[in-house]
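# Fold the following and give me the result.
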Amino acid sequence: MAAGLLELGELFVVLAVAGAVALRIGLSVIPLYVVGGMAAGPFVAGRLGVPYVPNGELLTVLAEVGIVLLLFFLGLEFSLDRLLASRSAITRAGVIDVAINLPLGIALGLALGWSVVEALLLGGIVYISSSAIVTKTLIDLGWIANEEAEPILGTLVFEDLFIAVYLAVVTSLVLGGGGGAGGLGGVARSLAIAFGFLGLLLVAVQYGTAFFARVLDVPETEAFVLRTLAVVVPVAGVALALGVSEAVAAFFVGMGFSTSGHRERIEQLLTPVRDVFAAVFFFWIGVGTDPLTLATVAVPLVAAVVLTTPAKVLSGYFGGQAYGLSERRSLRVGVGLVPRGEFSLVIAALAASGSTPVLQETIPALAVGYVLVMSGLGTVLMQRSDVVETIVGRIRPVDGASR
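The predicted structure follows:
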């Protein structure tokens, strides 16, 4: 018990120091949380023989709660009616996003001499943006109410829904050795479960407004906070147990509460809770990162960063154009989708359960290094989007901020 409490204490000390440093130098806290986790984890502090924070089940669960709350808050900004009203634009932006970035990652994998399944996994790792990091940065920078927030969030929703199908397919390919009749049956069952569960959630969101309003209709702050968590966390847990993205499930629950009349009170009372668990999530990414493995994948890592960063900006730009935004705001959409994170690591964990050296060693190391670089690079690019706009403007004039 004492050891666990000390490890938890070390975690919060590192997070507090990282936050203070970020505030001091005017940088986003996210990359510093990740670096802090790496320094305090088994691969740095552990090797130095000093007390470290292990990448255990407790830390993983706390990090999962961070993802859940970040996506729950994202859902609060949407209603189902608003999502359905934007479905055409979301689909256009999402299709552009997947059509540019997924094939690019697959092509890179094939160019490295990997098999089709290995290349498909790399495609997924470089394709999907981090809903958690992007959402946190949108909130920190005050972009959440801007016009560019809608295509960014719409693209994230499309990506999260797409990745549910993608994970069902690649899981069967990796664990089934390429799929046969049994593999295809497994894919079909996984897809049926995923879409069945998400369909039930959509029905609950559409017709459950009275329930969402009634369950939080209590004056006591403690009861209000506990009841909110008692809805969103179990639903996310059921989703994860069924092989469905807990992030998507939390997003849908957030949409359910968005029209309950309690949205402002939720944001007021649970924002500190969300921020604490979100910080733990970014710390957890760092704890699982072994800096020595990054050297073994330096060449493909550099190639992935150099190729996929402008590709993501370009696809996001076209996504912003699909929403009718100005060129300047469309460019911000592209910059806002650069961070990669939790889903890339989920795909890496799946690859590690495969049978080839590339699956077991190369892809997980590459994914961790890629997430570390892109989480920092993406948040810095969002912070300094004015510099990006200036650079792009020197190459090609960019129109104004209004639609």
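# And the closest residue to residue 338 other than its chain neighbours, how far from residue 237?
Excluding the flanking residues, the one nearest residue 338 by CB to CB, 6 or more residues apart in numbering is residue 378, at 3.7 Å. Where you see a C-beta, it was placed from the backbone N, CA and C, and this is true even at glycine. Using CB to CB, to the nearest Å, one gets 28 Å for the distance from residue 378 to residue 237.
# out of these two, which sits in the busier spot?
For residue 378 versus residue 237, neighbours defined as other CB atoms under 10 Å are more numerous around residue 378 (27 against 16).
# in the helix or strand harbouring the more buried one, what's buried?
With secondary structure defined by DSSP states H and E, residue 378 is part of helix 363-383. The neighbour-count check on helix 363-383 (16 or more other CB atoms under 10 Å) flags 363-383 as buried.
# which residue lies farthest from the center of the chain?
residue 219 (33.7 Å; CA atoms, centre = their mean).
# check which helix or strand covers it.
With DSSP H and E as criterion, residue 219 is part of no helix or strand.
# now the residue positioned nearest the centre of the chain, nearest residue through space, not along the chain?
Nearest to the geometric centre of the chain sits residue 130, at 2.6 Å (CA atoms, centre = their mean). Distances taken as CB to CB, 6+ apart put residue 341 closest to residue 130, at 2.8 Å, once the chain neighbours are dropped.
# likewise residue 236?
Spatial nearest neighbour of residue 236, excluding adjacent residues (CB to CB, 6+ apart): residue 246 at 4.0 Å.
# Contact partners for the one you found?
Shown in contact with residue 246 (CB atoms under 8 Å, 6 or more residues apart in numbering): 64, 67, 68, 236, 237, 239, 240.
# Which residues belonging to the strand or helix carrying the last one are considered buried?
Take DSSP H and E as the rule and residue 240 turns out to sit in helix 221-241. By neighbour count, with 16+ other CB under 10 Å as the criterion, the buried positions of helix 221-241 are 224, 225, 228, 229, 231, 232, 233, 235, 236, 237, 239.
# by contact count, what packs against that helix?
Applying 3 or more CB pairs under 8 Å, 6 or more residues apart in numbering; DSSP states H and E, one finds that helix 221-241 contacts helix 57-76, helix 181-207, helix 209-215, helix 246-258, helix 263-287.
# rerun at 6 Å
helix 246-258 (3 or more CB pairs under 6 Å, 6 or more residues apart in numbering; DSSP states H and E).
# can I have the helix it packs on written out in CSV, keeping just the CAs?
The C-alpha trace of helix 246-258 is given here as CSV (Å, rounded to 0.1, in the frame of the first residue of the first chain):
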residue,chain,number,x,y,z
GLU,A,246,-14.3,3.7,-25.0
ALA,A,247,-13.6,7.1,-26.5
VAL,A,248,-16.5,6.9,-28.9
ALA,A,249,-18.8,5.7,-26.2
ALA,A,250,-17.9,8.5,-23.8
PHE,A,251,-18.4,11.0,-26.7
PHE,A,252,-21.9,9.7,-27.2
VAL,A,253,-22.7,9.9,-23.5
GLY,A,254,-21.4,13.5,-23.6
MET,A,255,-23.8,14.2,-26.4
GLY,A,256,-26.6,12.8,-24.3
PHE,A,257,-25.9,15.2,-21.5
SER,A,258,-25.4,18.1,-23.9
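# I'd like the numbering to begin with 58 instead of 1 from here.
From this message on, residue numbering opens at 58, which makes the last subject helix 303-315.
# Quick check: chain neighbours aside, which residue is closest to residue 223?
Counting by CB to CB, 6+ apart, residue 223 lies nearest to residue 181, which is 5.6 Å off, once chain neighbours are set aside.
# For the one you found, the count of nearby residues, please.
26.
# Now the host helix or strand of it: buried residues?
In this assignment (DSSP H and E), residue 181 forms part of helix 173-184. Using 16+ other CB under 10 Å as the burial criterion, the residues of helix 173-184 that qualify are 174, 175, 176, 177, 178, 179, 180, 181, 182, 183, 184.
# What mean pLDDT does it get?
Averaged over helix 173-184, pLDDT sits at 95.
# Not counting its own residues, what contacts the helix or strand just after that helix?
Scanning forward in sequence from helix 173-184 by DSSP H and E, the next helix or strand is helix 188-198. Identification of contacts with helix 188-198 by CB atoms under 6 Å, 6 or more residues apart in numbering yields 87, 124, 127-128, 131, 201, 206, 213, 304, 335, 396, 398-399, 432, 436, 439.
# What residues of helix 188-198 count as buried?
For helix 188-198, by 16+ other CB under 10 Å, it's 188, 189, 190, 191, 192, 193, 194, 195, 196, 197.
# swap in stretch 317-337?
For stretch 317-337, using 16+ other CB under 10 Å, the buried residues are 317, 319, 320, 323, 327, 331, 332, 334, 335, 336, 337.
# Leaving out sequence neighbours, find the closest residue to residue 132.
Nearest non-adjacent residue to residue 132, counting by CB to CB, 6+ apart: residue 311, 2.1 Å away.
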